[in-house]
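Asks: can you look at this prediction? I've put the sequence above it.
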Amino acid sequence: MNIAIVGTGYVGLVSGTCFAEMGINVTCVDVNEKKILKLQSGEIPIYEPGLDDMVRRNVEAKRLNFTTDLSSCIDNVEIVFSAVGTPPDEDGSADLKYVLEVARTFGQYIKKYTVLVTKSTVPVGTAKKVKAVIWEELKKRNADIEFDVASNPEFLKEGAALKDFMSPDRVVIGVETERAKELMSKLYKPFVLNNYRILFMDIPSAEMTKYAANSMLATRISFMNDIANLCELVGADADMVRRGIGSDARIGTKFLYPGCGYGGSCFPKDVKALIHTGKEYGYDMRVIESVEEVNESQKSVVFEKLLKAFDGKLEGKTIALWGLAFKPETDDMREAPALVVINKLIKAGAKVNVYDPVAMNECKRRIGDVVTYCEDMYEAVINSDALALITEWKQFRIPSWKVVKKAMRGNIVVDGRNIYDIQEMKALLINYYCVGKTMTR
């Protein structure tokens, strides 16, 4: 089976590579010539554990190819996936210009029945716009060619994307015809053989499922952060509360960890887009609006704790930050809490030393040299007045506190992810701040 995937960003490259791994012949298309040349030479533009090896393996097997021209391969494929970006506009809505451009190109070049599948996260109703653009292009050509559109939203977690794609909780596919359903069933047959759930539904429901899923997860995070902030005020322990409610089978434990807020390419963008969709239809998404408000506030919690630790005077202080990416196992810093913390510290007159296992170059690309980039986690704390943990990379979980204390000038640790033990911090005579509980316990 032959398919094409337009867009070699995170979703497109991971999806194309994993389909190739399952034996599908895949052509990945991107207008960025430099990116395509790098991919052809085996250079991967994103960080995702295991992806570089899988790309090379399938390129060598000639199942995975790269090009800048969709027209060069469209005659040979049965399905074209659209996996281009949908960045948020200023009003929070999803910008569909790239999605519609793919539809336009599709309509210009198809010569036989082909299915255009939207893999990008798009608002409900996008499929209708995509169809209209394709019909417009076919009309210009006086061409009477059958086609279908479909929706196949992705549910990939950065840092675990290969596993998520190859062993999915579910595959959601929105279709309008039996013919499209049969073709998508053929594509996903290897997953059916492995007993993974394929959920077919109408296209609007598939489009909404993606937004609803991410907004629910974001809601759980903001809910737990709201509870954690109240726990500090009343003297409760947010970790104990989390365990208490998580033991209820109706609630569960996932995405209930208090911290310094969520970031990344999906949750912030999709929450904003869902709020905007509601407004378009005259409906206020009141719960989701609160989720966003709580999260934006929570990104400042590490800075506020540092401010409290120094009695409101951060000017001239040196603060070490462990972690820059919005989560472990990625170099993605989109909407990362670290960016908020750094910005506030610099404005307050502090000097900032940073270390992250993979996101240093991305940080430098975004903010330049306003911070000091360190070679390792221990270099970052040398002569620092305080240490703040932002991203819970595994290597930060059990540091040598003896080395840290000896290197630091001060003894303040702010744990933005609650990964350290409060009693251990007491025994080490560290002035410890975390989220949702106090040192006095």
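Replies: On my side now, so go ahead. Remember, predicted model here, so these are calculated numbers, not experimental data.
Asks: what's the closest non-adjacent residue to V294?
Replies: S222 (4.0 Å; Cβ to Cβ, 6 or more residues apart in numbering). Heads up, the C-betas are built off the backbone N, CA and C, glycines and all.
Asks: pLDDT at the one you found, what is it?
Replies: pLDDT recorded at S222 is 98.
Asks: cool, the one 10 residues further on as well?
Replies: In the prediction, the pLDDT value recorded for E232 is 95.
Asks: please enumerate the strands of the chain.
Replies: Using DSSP state E, the strands found in the chain span residues 2-6, 25-29, 64-67, 79-82, 114-118, 147-151, 170-174, 197-201, 318-322, 351-355, 372-373, 386-389, 412-415, 431-433.
Asks: so for the shortest one, mean pLDDT?
Replies: Spelled out, it's strand 372-373. Here the average pLDDT along strand 372-373 is 98.
Asks: strand partners (parallel or antiparallel) of that strand?
Replies: Applying DSSP bridges, strand 372-373 is found paired with strand 351-355 (parallel).
Asks: pretty sure the residue nearest to V294 is touching Q298, no?
Replies: Yes - S222 lies in contact with Q298 (Cβ atoms under 8 Å); the separation is 7.2 Å.
Asks: C-alpha coordinates for the helix or strand of the chain with the lowest mean pLDDT, CSV please?
Replies: In the chain, no helix or strand scores lower on mean pLDDT, DSSP states H and E than helix 189-193, which sits at a mean of 80. Output of helix 189-193 as CSV, limited to C-alpha atoms (Å, rounded to 0.1, in the frame of the first residue of the first chain):
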residue,chain,number,x,y,z
LYS,A,189,-5.2,-3.7,9.4
PRO,A,190,-1.8,-4.4,11.1
PHE,A,191,-3.2,-2.6,14.2
VAL,A,192,-6.4,-4.6,14.1
LEU,A,193,-4.4,-7.8,14.0
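Asks: buried ones in it?
Replies: F191 (16 or more other Cβ atoms under 10 Å).
Asks: what do you get for stretch 160-167?
Replies: So, applying 16+ other Cβ under 10 Å, buried residues of stretch 160-167: 161-162, 164-165.
Asks: one more: stretch 109-128?
Replies: Applying 16+ other Cβ under 10 Å to stretch 109-128 flags 109-110, 114-124, 126-127 as buried.
Asks: cool, stretch 71-91 as well?
Replies: Neighbour count says stretch 71-91 has 73-74, 77, 79-86, 88 buried, by 16+ other Cβ under 10 Å.
Asks: now those in TSV, with distance to D239 and pLDDT?
Replies: TSV is the format used below for these (distance: Cβ to Cβ, whole Å; pLDDT from 0 to 100):
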residue	distance to D239	pLDDT
C73	52	95
I74	54	96
V77	51	97
I79	46	98
V80	48	98
F81	42	98
S82	43	97
A83	38	95
V84	41	94
G85	37	88
T86	36	86
P88	33	77
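Asks: and which of these is nearest T330?
Replies: Of all the buried residues of stretch 71-91, T330 sits closest to G85, with 16.7 Å by Cβ to Cβ.
Asks: wait, isn't that closest one in contact with G9?
Replies: Yes - counting by Cβ under 8 Å, G85 does reach G9; the two are 6.1 Å apart.
Asks: and D421, how many residues sit next to it?
Replies: 13 (other Cβ atoms under 10 Å).
Asks: how far away is the residue of the chain most remote from its centre from K112?
Replies: Distance from the C-alpha centroid of the chain, by Cα atoms, centre = their mean, peaks at N142 (41.7 Å). Going from N142 to K112 by Cβ to Cβ, to the nearest Å gives 16 Å.
Asks: so what's A359 up against?
Replies: For A359, the contacting residues are 324-325, 330-333, 391, by Cβ atoms under 8 Å, 6 or more residues apart in numbering.
Asks: ugh, wrong one, G7
Replies: Residues near G7 by Cβ under 8 Å, 6+ apart: 29-30, 82-85, 98, 102, 119-120.
Asks: for the residues you listed, give me CSV that also has distance to D148.
Replies: Listed next are the contacts of G7 as CSV, based on distance: Cβ to Cβ, whole Å:
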residue, distance to D148
V29, 19
D30, 24
S82, 13
A83, 18
V84, 19
G85, 23
Y98, 21
V102, 15
K119, 15
S120, 17
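Asks: among the residues you listed, which one lies nearest to E154?
Replies: Once Cβ to Cβ is applied, the member of the contacts of G7 that ends up nearest E154 is K119, at 5.8 Å.
Asks: surely that closest one meets V80?
Replies: No - using Cβ under 8 Å, K119 is not in contact with V80, being 10.1 Å away.
Asks: can you list residues touching both of these two?
Replies: I5.
Asks: next, the angle strand 170-174 makes with the longest helix seen in the chain.
Replies: The longest helix of the chain (DSSP state H) is helix 203-234. Helix 203-234 and strand 170-174 are oriented at 130 degrees to each other (axes from the mean of the first three to the mean of the last three Cα atoms, to 10 degrees).
Asks: buried ones in stretch 264-278?
Replies: For stretch 264-278, by 16+ other Cβ under 10 Å, it's 264-277.
Asks: switch the residues you listed over to a markdown table; also include distance to G410 and pLDDT.
Replies: A markdown table is the format used below for the buried residues of stretch 264-278 (distance: Cβ to Cβ, whole Å; pLDDT from 0 to 100):
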| residue | distance to G410 | pLDDT |
| --- | --- | --- |
| G264 | 31 | 91 |
| S265 | 35 | 84 |
| C266 | 36 | 88 |
| F267 | 34 | 93 |
| P268 | 33 | 94 |
| K269 | 37 | 92 |
| D270 | 39 | 93 |
| V271 | 37 | 95 |
| K272 | 38 | 94 |
| A273 | 42 | 92 |
| L274 | 43 | 94 |
| I275 | 41 | 95 |
| H276 | 44 | 93 |
| T277 | 47 | 93 |
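Asks: looking at those, which are in helices?
Replies: 267-277.
Asks: isn't E392 right up against E329?
Replies: No - the criterion here is Cβ under 8 Å, and E392 misses it with E329 at 10.4 Å.
Asks: what's the burial count for the closest residue to L70 other than its chain neighbours?
Replies: Computed as Cβ to Cβ, 6+ apart, the closest residue to L70 that is not its neighbour in sequence is V29, at 4.8 Å. The burial count assigned to V29 is 28, neighbours taken as other Cβ under 10 Å.
Asks: residues in contact with V29?
Replies: Going by Cβ under 8 Å, 6+ apart, V29 touches 4-8, 66-70, 73.
Asks: recalculate using a threshold of 6 Å.
Replies: Counting by Cβ atoms under 6 Å, 6 or more residues apart in numbering, V29 touches 4, 6, 67, 70.
Asks: can you list the neighbours in contact with the least confident helix or strand of the chain?
Replies: 22, 198.
Asks: could you do stretch 320-328 as well?
Replies: 263-264, 331-333, 336, 338, 353-354, 356, 359, 363, 377, 380-381, 384, 387-393, 396.
Asks: stretch 259-277 now?
Replies: With Cβ under 6 Å, 6+ apart, stretch 259-277 has contacts from 88, 92-94, 121, 123, 211, 214-215, 218, 221, 285, 288-289, 292, 295, 298-299, 301-302, 326, 332, 334-337, 416-417, 435.
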